[in-house]
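J.: only the shape, not the letters, is given here:
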């Protein structure tokens with residue numbers, strides 16, 4: 001029994017030696033490399049869209065089909081960017097902005113919080129464009145600012161170099177060629193003031209320079225052609 005045990009041990013050692021000496025056993029097989037987990041994006045970009053780095057996109061923002069966000073632009077949180085939207089370098093877009101389909105936001109345009117841009121509305125950024133005379137430097141652009149809560153209707157055109165006031169309402173198809181005051185309801189070509197709008201979007205009816213929105217109850221006063229909240233607070237608070 002002892003001899004048999006020794007023989008068995010020898011057989012096992014020989015098998016182990018042969019196993020070690022086999023060429024495939026001598027090859028070094030590195031352990032699998034696990035790539036570090038990438039942090040989940042806090043915003044959504046449809047696969048058909050392009051986002052050029054570096055840029056800043058806030059949490060909860062959604063960018064839909066066929067869009068192009070160029071470098072050095074900033075989009076706030078909870079924005080909704082519709083199909084076929086172009087956002088040029090150095091554009092500043094605030095929080096909770098909604099941009100509908102087929103809109104281009106060119107360098108020099110700033111959209112504050114809660115701005116609405118209707119389908120196919122147009123921004124410009126050069127006042128005297130010529131194909132044969134390039135005007136594509138930063139100093140050639142006339143800045144446009146759309147203040148908090150303003151709405152721009154479908155197919156409206158905003159000629160560059162102007163400011164659209166807080167909660168102003170630009171009617172569809174209008175051509176804006178001048179600054180628009182807070183709460184103004186404008187339409188036409190060129191766009192002119194035809195009334196005033198509440199922060200909630202309902203048209204205000206003034207009596208003796210005072211108005212109260214029939215839908216949300218906000219109160220306003222009209223003084224020297226300007227509308228402001230009745231309680232003296234800053235618009236949008």
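T.: Yep, it's here. As the structure is a computational prediction, the values presented were derived from the model and not from experiment.
J.: in stretch 79-99, which residues are buried?
T.: 79-85, 87-88, 90-99 (16 or more other Cβ atoms under 10 Å). Using the backbone N, CA and C atoms, a C-beta is placed for each residue, glycine as well.
J.: contacts only, for residue 51.
T.: When the contact criterion is Cβ atoms under 8 Å, 6 or more residues apart in numbering, the partners of residue 51 are 45, 57, 63, 69.
J.: ditto for residue 178
T.: 162, 190, 191.
J.: in which helix or strand does it reside?
T.: Counting by DSSP states H and E, no helix or strand carries residue 178.
J.: and what about residue 139, helix, strand or coil?
T.: helix (DSSP: H, G, I helix; E, B strand; the rest coil).
J.: quick revisit: need the contacts of residue 178 in JSON lines with neighbour count and secondary structure, can you?
T.: Formatted as JSON lines, these follow (neighbours: other Cβ atoms under 10 Å; DSSP: H, G, I helix; E, B strand; the rest coil):
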{"residue": "162", "neighbour count": "16", "secondary structure": "coil"}
{"residue": "190", "neighbour count": "11", "secondary structure": "coil"}
{"residue": "191", "neighbour count": "25", "secondary structure": "coil"}
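J.: residue nearest the centroid of this structure?
T.: For the chain, residue 75 is the residue whose C-alpha lies nearest the centre (Cα atoms, centre = their mean; 4.0 Å).
J.: give me the pLDDT for the nearest residue to residue 216 once chain neighbours are set aside.
T.: Using Cβ to Cβ, 6 or more residues apart in numbering and skipping residues adjacent in sequence, the residue nearest residue 216 is residue 200, 4.4 Å away. For residue 200, the model assigns a pLDDT of 97.
J.: how close does residue 200 get to residue 57?
T.: 28 Å (Cβ to Cβ, to the nearest Å).
J.: with neighbour numbers in mind, choose between these two.
T.: Taking neighbours as other Cβ atoms under 10 Å, residue 200 and residue 57 compare with residue 57 leading, 23 against 12.
J.: which ones are touching that one?
T.: Taking Cβ under 8 Å, 6+ apart as the test, what residue 57 contacts is 43, 45, 51, 63, 69, 75.
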